[in-house]
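Engineer: got a predicted model here, sequence first, then my questions.
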Amino acid sequence: MRVATWNINSINARLDRLLAWLEAARPDVVCLQELKCATADVPADALAAAGYQIAAHGEGRWNGVAVLSRIGLADVTRGLEGQPAFGETVEARAIGARCGPVRVWSVYVPNGRDVADAHYPYKLAFLASLKATAAAEAAGGPFAVLGDFNICPTDDDLWDAEAWSGTTHVTGAERAALADVESVGLADVFPRALKHAWPFTFWDYRNLDFPKNRGMRIDLALANPALTGAVADAYVDREARKGKGASDHAPLVLDLDL
DNA sequence: ATGCCGAAGTTACTTCGA
């Protein structure tokens, strides 16, 4: 089976792209982030016509996560156990579901903005609640947390570590929080790059970053042994980042012997 | 060629992203 994660950067603005990619790649399960619409506004009918059920947790202008499946969709959970609020709002950043033999969470970890900004400790608190949720589910059958973590696990995971030193996405505290999530028994499934030396998953729209391969590997699949043991292939589909109307993220795809 | 940012809410400009 094929499981993917993709920060779609608006599911409605990107609907034609998404449908074309589903048709071409035929994933069984897709974790989506940055829907940028309310739950009621997801294009469920168009996805159903393409053979996919959707469980969405939307919010409006920002955030929003979903799980698409063509192999069944059950036990949907919206939000993490103990997920912190920002201000008054518990944002739409996590949704869990069971799809056939796998249990997945689709997560959109807060950006953090700046280490001096209130969004930075919020990001770390979100990761702590993610650890608690993952700990409760990691034992047993195939399980993974997939999504946009907004963290480069190592300095190799961004195009210019020196230029980004001291900024969010690369701090020791963020990397330690990510390692803490993994400590419950999850491993970072490292994908193949289809071109260039490293499998970046995000390239900013600005400054020709994609053509110049100024990217970051921030979209991750953290999987338990029952899932990592079934990985036949993993890659970043950078073809989906090309051309007019692309998301600024590319899908991370896992092929599993399940 | 991969090509100089884009989405959404609101209505010409603002906020956000990494």
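Structural biologist: Thanks, I have it. Numbering: from 1, shown residues only, chains lettered A, B, ... in the order given.
Engineer: show me where chain A has helices.
Structural biologist: A:15-25, A:44-49, A:119-137, A:161-164, A:172-182, A:225-228 (DSSP state H).
Engineer: which stretch in these has the least confidence?
Structural biologist: Note on those: helix A:161-164 shows the lowest mean pLDDT, a mean of 90.
Engineer: pull out the buried residues from it.
Structural biologist: Judged by neighbour count using 16 or more other Cβ atoms under 10 Å, the buried positions of helix A:161-164 are A:Trp164. Using the backbone N, CA and C atoms, a C-beta is placed for each residue, glycine as well.
Engineer: before we move on, back to that, out of the helices of chain A, which is closest to A:Gly215?
Structural biologist: helix A:161-164 (12.0 Å; Cβ to Cβ).
Engineer: only alpha carbons, please: show the closest one as CSV.
Structural biologist: Extracted in CSV, the C-alpha atoms of helix A:161-164 (Å, rounded to 0.1, in the frame of the first residue of the first chain):
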residue,chain,number,x,y,z
ALA,A,161,22.5,25.9,7.7
GLU,A,162,24.8,28.8,8.4
ALA,A,163,22.3,31.4,7.1
TRP,A,164,19.5,29.9,9.3
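Engineer: got the contact list for the closest residue to DNA strand B within the stretch 1-150 of chain A?
Structural biologist: Nearest residue of the stretch 1-150 of chain A to DNA strand B, counting by Cβ to the nearest atom of the strand: A:Ser10, 3.2 Å away. Applying Cβ atoms under 8 Å, 6 or more residues apart in numbering to A:Ser10 gives the contacts A:Glu34, A:Leu35, A:Lys36, A:Cys37.
Engineer: chain center to stretch A:247-258: distance?
Structural biologist: In terms of Cα atoms, centre = their mean, to the nearest Å, the centre of stretch A:247-258 is found 10 Å from the chain centre.
Engineer: and that stretch, what's buried?
Structural biologist: Neighbour counts over stretch A:247-258 (16+ other Cβ under 10 Å) mark A:Ser247, A:Asp248, A:His249, A:Ala250, A:Pro251, A:Leu252, A:Val253, A:Leu254, A:Asp255, A:Leu256, A:Leu258 as buried.
Engineer: what's the most distant pair in those?
Structural biologist: Put simply, by Cβ to Cβ the two of those set farthest apart are A:Asp248 and A:Leu258, 30.2 Å from each other.
Engineer: burial count for the residue lying closest to A:Asp257 once chain neighbours are set aside?
Structural biologist: Excluding the flanking residues, the one nearest A:Asp257 by Cβ to Cβ, 6 or more residues apart in numbering is A:Ala230, at 4.7 Å. For A:Ala230, the neighbour count with other Cβ atoms under 10 Å is 17.
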